[in-house]
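**Student:** I would like the atomic coordinates for the input below:
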Amino acid sequence: MTDEVLAYASVLRLSRSDIKTLKITDAYSLHKQVYGLFDDVRTDDDKANSESSGILWVDKGGDFHHRQILMLSTRKPHQTPQFGEVESRVIKPDFVQHRRYGFEITLNPSKRNKKTGKVEAIRKRDEIALWAIERAHKNWGFEINPNHLQVQINPVLEFKKTGKTVTHNSAHLKGELLVTDRNQFIQSFLSGIGRGKAFGFGLLQIVPLND
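**Tutor:** Numbers count the residues shown, from 1 in each chain. Now for the predicted structure:
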């Protein structure tokens, strides 16, 4: 048994009262609450160079009384926040050594137009599936089983940040994956996938599957 820590998986639970007090209304307000749970270890240069924050999160929703935010981080969040409750557990290195996993992820499906240089949203379900299958094989370190892939298109995410309107295309993908490049797969798990990671996208949620 090793004491080595790969990452921390945590859940932030906010009550209805917490959400009202914190004025959580969109992904940006949730982003500020999540990032406030961690020491800021990046320099201004790190941020300017888009160095990873080491923090990923996704809004798992909830019910009338509570809302849950799942977090994955390379350092442990503060365990006694002023609002809400945080529960953390250690992820050991052997967790990412399996061949097959069940997965789910919320992504911002998009690609850069080579002619215009602009980032364009991918909106159709079959095009999102094809985009994810190709990117997984090429960039994410795993293959997606197309026979088990489910794609749910979510409402477009829109919020105000420093006076500007920020828009993110959103889709939820669920299925099975086979690891083809271990190092690339671990990088995808720890650093997230795709655009909008600071605002609840790209957290690869995985469960080992038996061969």
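**Student:** so how far is the helix or strand bottoming out on mean pLDDT in the chain from its chain's centroid?
**Tutor:** Every helix and strand in the chain was compared by mean pLDDT, DSSP states H and E; the lowest is helix 44-48, with a mean of 82. Taking the mean of its C-alpha atoms, helix 44-48 sits 21 Å from the chain's own mean (CA atoms, centre = their mean, to the nearest Å).
**Student:** And stretch 58-70, by the same measure?
**Tutor:** The answer for stretch 58-70 is 15 Å, by CA atoms, centre = their mean.
**Student:** again with stretch 192-201
**Tutor:** 5 Å.
**Student:** Output that stretch as PDB, restricted to C-alpha atoms.
**Tutor:** Provided in PDB are the C-alpha atoms of stretch 192-201 (Å, rounded to 0.1, in the frame of the first residue of the first chain):
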ATOM      1  CA  GLY A 192      -9.300  18.200 -17.800                       C
ATOM      2  CA  ILE A 193     -10.400  18.100 -21.400                       C
ATOM      3  CA  GLY A 194     -11.400  20.800 -23.800                       C
ATOM      4  CA  ARG A 195     -12.400  24.500 -23.300                       C
ATOM      5  CA  GLY A 196     -14.100  26.200 -20.400                       C
ATOM      6  CA  LYS A 197     -12.400  24.100 -17.600                       C
ATOM      7  CA  ALA A 198     -12.600  27.000 -15.100                       C
ATOM      8  CA  PHE A 199     -16.400  27.100 -15.600                       C
ATOM      9  CA  GLY A 200     -17.400  23.500 -15.000                       C
ATOM     10  CA  PHE A 201     -16.300  21.700 -18.200                       C
END
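**Student:** How about it, which residues are buried there?
**Tutor:** 192-201 (16 or more other CB atoms under 10 Å). For the C-beta atoms, the positions are set from N, CA and C on the backbone; glycine is no exception.
**Student:** likewise stretch 23-31?
**Tutor:** For stretch 23-31, burial by neighbour count (16+ other CB under 10 Å) applies to 24, 27-28, 30-31.
**Student:** so where do the helices sit in the chain?
**Tutor:** 16-22, 27-35, 44-48, 125-135, 182-191 (DSSP state H).
**Student:** So for residue 64, which of those helices sits nearest?
**Tutor:** Closest approach to residue 64 among the helices of the chain is made by helix 16-22 (6.9 Å; CB to CB).
**Student:** Can you pull the domain assignment for this structure?
**Tutor:** 7-93, 97-208 (the TED database).
**Student:** Need the nearest residue in space to residue 92, chain neighbours excluded.
**Tutor:** Distances taken as CB to CB, 6 or more residues apart in numbering place residue 6 nearest to residue 92, at 6.1 Å, with adjacent residues excluded.
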